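S.K.: What follows is a protein structure lacking sequence information:
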């Protein structure tokens, strides 16, 4: 299963785009552009965070907490998103790169930073809910999080997603996001 395609299909259906656009006062094509760049960036950051033993354990715990969230009804899910909790999830995923990523996504999508923040705050819990569902179904576990997330991207998704992630997560422009995400691993989803 290509989880990125599933997420994009959910977020980019006309009703969801209309609702999300209304939420932030934007045009549907701007929201679609943000989804196409923001969701892969979040997924790639999660994959990188899970590449350490501590990060994988923290992400595994978070997925267990979100495995019963009902994300099949995306409109209902998005209407019920707790923005405060979504903000915490977003900050755990991106760490100190949050503002940089949001600024780059704003410039790329034509949205302002506040609109980008609101949308990513809704996308982050949706991403965890879908990954939690995959964990519950046995497709991913703590031992194979990085490989499992990669396999859920689809065969061609990994290269494309890493290209997008590098674009938005590489703060120092060296083509390597590992040095930029290194500080985001500590305290992932502590509760």
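M.R.: Cool, got the structure. Values in this document were obtained by computation on a predicted structure and should not be read as measured data.
S.K.: Would you mind measuring from the residue nearest the centre of the chain to residue 147?
M.R.: Most central in the chain under CA atoms, centre = their mean is residue 42, positioned 3.0 Å from the mean C-alpha point. Relative to residue 147, residue 42 is positioned 18 Å away (CB to CB, to the nearest Å). C-beta: built from backbone N, CA, C; applies to glycine.
S.K.: you'd agree residue 63 is up against residue 131?
M.R.: Yes. Residue 63 is in contact with residue 131 according to CB atoms under 8 Å; the separation is 5.4 Å.
S.K.: shared neighbours, these two?
M.R.: Jointly contacting residue 63 and residue 131 under the rule CB atoms under 8 Å, 6 or more residues apart in numbering are residue 140.
S.K.: Test for you: state the pLDDT assigned to the residue nearest to the centre of the chain.
M.R.: Confidence at residue 42, expressed as pLDDT, is 92.
S.K.: same deal with residue 60?
M.R.: With respect to pLDDT, residue 60 has a value of 88.
S.K.: what's the neighbour count on the residue lying closest to it once chain neighbours are set aside?
M.R.: Spatially, and ignoring its direct neighbours in sequence, residue 60 is nearest to residue 142 (3.8 Å; CB to CB, 6 or more residues apart in numbering). The number of residues packed near residue 142 is 17, by other CB atoms under 10 Å.
S.K.: got a list of what residue 142 touches?
M.R.: 56, 57, 60.
S.K.: Turn these into a markdown table, columns for secondary structure, distance to residue 87 and neighbour count.
M.R.: Listed next are the contacts of residue 142 as a markdown table, based on DSSP: H, G, I helix; E, B strand; the rest coil; distance: CB to CB, whole Å; neighbours: other CB atoms under 10 Å:
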| residue | secondary structure | distance to residue 87 | neighbour count |
| --- | --- | --- | --- |
| 56 | helix | 23 | 20 |
| 57 | helix | 23 | 14 |
| 60 | helix | 22 | 19 |
